[in-house]
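In: structure, please.
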Amino acid sequence: MASKRIARLNEQLKRELSDMIRVQVRDPRVGPVTVTAVDTAGDIGSAKIYVRIIGDEGQVAESVAGLEAAAVFLRHQLGQVLRLRKVPELRFREDRSLDHAQRIEQILSEVISEESPEDEDAAAPSEEQPSEDA
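Out: So this is what the prediction gives:
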């Protein structure tokens, strides 16, 4: 039962934080940010907020620092909106899952392109062997 509650809380935090960051955070370091996931601890003491930020490493680091600076403000706002007994401490992390997925896709395409000529030769029926229909 607790896992369903945490999953619902994660989705609600994701929605609320997305809106709050877009509308209420005025830190100039924070550019366009997409909240991709929230992972709340079982005791609701802390939550990791995964964000996707477009830009180079410097811009990403600045945006994450700006979000960390705004964490106390965001936590206070969440407490007012969600009416939770305990609002989790917010920890912002860059979401690198898309980078990992692209790297895996690149590796797979390289492996497939290396194996393709061999597979085509093996898959083509030989003219010397009679077909099973005959």
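
In: off-centre distance for the helix or strand of the chain at the bottom of the mean pLDDT ranking?
Out: None of the helices or strands of the chain scores lower by mean pLDDT, DSSP states H and E than helix 97-123, at a mean of 77. A distance of 24 Å separates the centroid of the chain from that of helix 97-123, by Cα atoms, centre = their mean, to the nearest Å.

In: for it, packing partners?
Out: Identification of packing neighbours for helix 97-123 by 3 or more Cβ pairs under 8 Å, 6 or more residues apart in numbering; DSSP states H and E yields no helix or strand. Every residue, glycine included, has its C-beta placed from N, CA and C.

In: now do 10 Å
Out: Secondary-structure packing of helix 97-123 (3 or more Cβ pairs under 10 Å, 6 or more residues apart in numbering; DSSP states H and E): strand 33-40, strand 46-53.

In: the last one pairs with which strands?
Out: Using DSSP bridges, the strands paired with strand 46-53 in its sheet are strand 33-40 (antiparallel), strand 89-94 (parallel).
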